[in-house]
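Trainee: A predicted structure for the sequence below; I have some questions about it.
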Amino acid sequence: MWTTLDDSLCQLGESPFWHPHEGALYWLDIPGRAVLRTRGGIGAATVERWSLPTEPGCMAPARSGGLVIALRDGIYRAPQWGRPLRLLARADYDTRTMRFNDGKCDPLGRFWAGTLNEAKDRPNAALYCLDARGGRAPVLTQMANEATTANGLAFSPDASTLYWSDTAAHRVRAWDWAAASNVLSRPRVFRQFEGKPAGWTPESPVRYEGRPDGATVDAVGCYWASMFEGGQLLRFAASGEQLTALATPVQCPTMPCLGGDDLRTLFVTSARQGRPASELAQRPASGYVVSMRVETPGLPVHFFED
């Protein structure tokens, strides 16, 4: 069922999105400090790589062209592929120990990005929203906090619910979201997963579902979570009920997106950095983008408005 995209190998792939105007898939290699994209259609795709000065955590396409990218030290505008970056907002944390991680744009064109505490010793990561609509001076606002590894950001199709996960805590949270005024309320636990068993390895007979990494929401409002080290994607109804467990050919899927012309191709980035040699031998697709066809389409990517 799964297809591996040639020449898509990364140490830690993340932040995939389907660009409808280009018919291209974009994604990042965080430790590889690169943006990647396909050209020429997925069936006969070639992959381009653009090197960046620091680790990119997430990105989104911009309505006026190019990208918005969250790097370690701030959020930048990339007007064109491979051209110099322009700083939009400087990070307000210690960049020696923290960096931006998962994020994307909301339906109104604001860019959201969470942070990651690299020491993983306390929940001091946060979720930020950058508003630069209408040509205004970019304003970066903290929207949520109390996380260690920000991940799993997604918005419901009706823009009434925001999802955000903390990978280290094995937890996905949800908020009621007033999109127009950008106000979050009624925070709650959407899904709490069991922690990693002591001494667990991929060869262990003890079951481990994994921990929630990147996510997306499909056209009917179901939340797809990549389960890092769990070797699967889990699909949940808006109620929190688990609907599907989809095994992946990689132990560490990192983020899904739905793309292709009909938005029914499920693309999943993955990780190979720091994984044991035995695992990589058994799962050679680790680090590549893998894809398969699904029945329920996704939502078109949201563009950054500036």
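Mentor: Sure, I can see it.
Trainee: quick check: R264 vs A281, distance?
Mentor: Here R264 is placed at a distance of 32 Å from A281 (CB to CB, to the nearest Å). Backbone N, C-alpha and C define where each C-beta goes, glycine included.
Trainee: which one's more surrounded, those two?
Mentor: Neighbour tally, R264 and A281, criterion other CB atoms under 10 Å: the higher count belongs to R264, 17 against 9.
Trainee: ok, the more buried one - contacts?
Mentor: For R264, the contacting residues are L258, R293, V294, E295, T296, P297, G298, by CB atoms under 8 Å, 6 or more residues apart in numbering.
Trainee: quick one: it and A159, what's the gap?
Mentor: As judged by CB to CB, R264 and A159 stand 22 Å apart.
Trainee: circling back to that earlier point, and the buried ones among the contacts of R264, selectable in ChimeraX?
Mentor: The buried residues among the contacts of R264 can be selected in ChimeraX (16 or more other CB atoms under 10 Å) with this line:
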select :258,294,296,297,298
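Trainee: nearest to F228 among the contacts of R264?
Mentor: L258 (19.4 Å; CB to CB).
Trainee: so the nearest residue in space to that closest one that is not next to it in sequence versus P16, what's the distance?
Mentor: Of all residues not flanking L258 in the chain, G298 sits nearest, at 2.4 Å (CB to CB, 6 or more residues apart in numbering). Noted for G298: a distance of 11 Å to P16, by CB to CB.
Trainee: overlap in contacts, these two.
Mentor: Taking CB under 8 Å, 6+ apart as the criterion, G298 and P16 both touch C257, G259.
Trainee: can you read off the pLDDT for V183?
Mentor: We note a pLDDT of 98 for V183 in this prediction.
Trainee: likewise G43?
Mentor: On the pLDDT scale, G43 is placed at 68.
Trainee: going forward, count from 554.
Mentor: Will do, 554 is the new start, and the previous item becomes G596.
Trainee: now the strands for the stretch 554-703 of the chain?
Mentor: 556-557, 566-572, 577-582, 587-592, 599-604, 609-614, 620-624, 627-631, 639-643, 651-658, 664-670, 678-684, 692-700, 703-708 (DSSP state E, counting those that start in this stretch).
Trainee: ok, residues contacting the shortest one?
Mentor: Spelled out, that is strand 556-557. Strand 556-557 is contacted from outside by P802, A838, Y841, V842, V843, S844, M845, using CB under 8 Å, 6+ apart.
Trainee: pull the most distant pair out of these.
Mentor: Across the contacts of strand 556-557, the longest distance by CB to CB is 13.2 Å; it joins Y841 and M845.
Trainee: now the strands of the stretch 554-703 of the chain as TSV including mean pLDDT and mean neighbour count?
Mentor: Shown next, in TSV, are these (pLDDT from 0 to 100; neighbours: other CB atoms under 10 Å):
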stretch	mean pLDDT	mean neighbour count
strand 556-557	96	16
strand 566-572	98	25
strand 577-582	98	24
strand 587-592	95	20
strand 599-604	96	14
strand 609-614	98	26
strand 620-624	98	26
strand 627-631	98	22
strand 639-643	98	15
strand 651-658	98	26
strand 664-670	98	27
strand 678-684	98	22
strand 692-700	98	16
strand 703-708	98	26
